[in-house]
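Novice: Below: sequence and its predicted model.
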Amino acid sequence: MQPNNFYTASAAYTHKGTVNTPLSADPARAMPPPKHDIRKAVSTSPLLNEVRTRLRLKRYGLGTERSDLHYIVDFIHFCKERNGGAFIHPDRLGPHDIRAYLSHLAQDRHVAASTQNIALSAILFLYRQVLEREVPNIDKIAWSKRDRRIPTVLSATETKALLEALQKTPYHLLASLLYGTGMRMMEGLRLRVKDADFDFKTITVRDTKGDEDRVTMLPLSLVQPLHLQIARVNAFHDQDLAEGFGQVEMPDALARKYPNHKKSLAWQFVFCGNMRSSDPRTGAERRHHLHPSSFQRAVGAAITQARIDKHASVHTLRHSFATHLLERGTDIRTVQELLGHKDIRTTQVYTHVLKKGGNAVRSPLDG
């Protein structure tokens, strides 16, 4: 007889180490308003606890962990409501239940296509990585409409005004580095001291969206400011070591292989916080990187101060980096590598901003 509450449901799990390709780990995953107590669900459900364990073994970020757990819990509750309030273990659910849930998100909740994809990724992680089952025939889904949008790009003048508005804040260097290298926000926040190569004037970008390292340029104008920032990190690190701390978060496999590296300067975050904080997963007191929300608020305030009337954000700096390089004649394949795009079509969207290629058409009025 099946239990009627999935919080207390148990199941047998194996640890075969499946090798499915990791799903995208975007920390900005959007979630609908929470309806379920995720902490309670994880603490009382062996299934959800196993999901969390697998996510951590594969080094997914905290945002991805929370997002995936949210949608898995929401999927289970949706199926429970469809079944008249009776709990059905996910192992007994099938593709038709997943299709119904994803269609429900699009038709009843009117979520964006990206949110629907995130929910599907979470459910596929549950089946492939935890229940170790493939989900066949995931089709005939009512997908949310995918709007084709041209990215917002700042002009060179607007970019300069934005950076000047951040000049007297602790975020000026980080914003300048994102614009100067094309890094995503979390890639910049997770930058380690060891990944800035001042001799070759390069930055190695780790923990990327595609889970592959890449190399981008280190702007010459930021060499001295970065040296000063690392000296500041070094002072914080010496203080932490003197007070019995100094360990930094590291990937689990490397932390086990090189246990002494956790206290080395090389692994410290370049953009570390002013104070130590508790790791939400382990409770360990460490010095973590700056909080993304604080940086986003600072950039938002700077956009207002600079009187930029575009729908801009931190990510606009990356769009502007790519567009300005193409504008100056940089080869699109080079821009693709610097951005870390796997598909050239993703990079080609910036040519639409420049009205190049097939869009290079003059108005008849100008003739």
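Specialist: Thanks, I have it.
Novice: Could you give the number of residues near Val51?
Specialist: Val51 has 24 neighbours, counted by other CB atoms under 10 Å. All C-beta atoms are positioned from the backbone trio N, CA, C, and that covers glycine.
Novice: Is it within a helix or a strand, and which one?
Specialist: In the assignment (DSSP states H and E), Val51 maps to helix 46-57.
Novice: how far out from the middle of the chain is that helix?
Specialist: In this view, helix 46-57 has its centroid 19 Å away from the chain centroid, taken as CA atoms, centre = their mean, to the nearest Å.
Novice: Would you indicate which residues of the next helix or strand after it are buried?
Specialist: Sequence-wise, the next helix or strand beyond helix 46-57 is helix 62-82, with elements assigned using DSSP H and E. Residues of helix 62-82 classed as buried: 63-80 (neighbour count, 16 or more other CB atoms under 10 Å).
Novice: so what does helix 62-82 touch, helix or strand wise?
Specialist: Where contact means 3 or more CB pairs under 8 Å, 6 or more residues apart in numbering; DSSP states H and E, helix 62-82 is packed against helix 38-44, helix 46-57, helix 95-107, helix 113-125.
Novice: just the strands in the stretch 201-350 of the chain please.
Specialist: Taking DSSP state E, counting those that start in this stretch as the criterion, the stretch 201-350 of the chain contains strands spanning 202-205, 214-217, 277-278, 285-286.
Novice: for the stretch 51-200 of the chain, what are the low-confidence residue spans?
Specialist: For the stretch 51-200 of the chain, applying pLDDT under 70 flags the ranges 139-148.
Novice: What of the stretch 201-350 of the chain?
Specialist: 210, 252.
Novice: For the closest residue to Cys272 other than its chain neighbours, give me phi and psi.
Specialist: Spatial nearest neighbour of Cys272, excluding adjacent residues (CB to CB, 6 or more residues apart in numbering): Arg287 at 5.1 Å. Here is the backbone geometry of Arg287 (degrees, to the nearest 10): phi -100, psi 110.
Novice: give the contact list for Arg287.
Specialist: Contacts for Arg287 (CB atoms under 8 Å, 6 or more residues apart in numbering) come out as 236-237, 240, 245-246, 248, 268-269, 272-273, 275-277.
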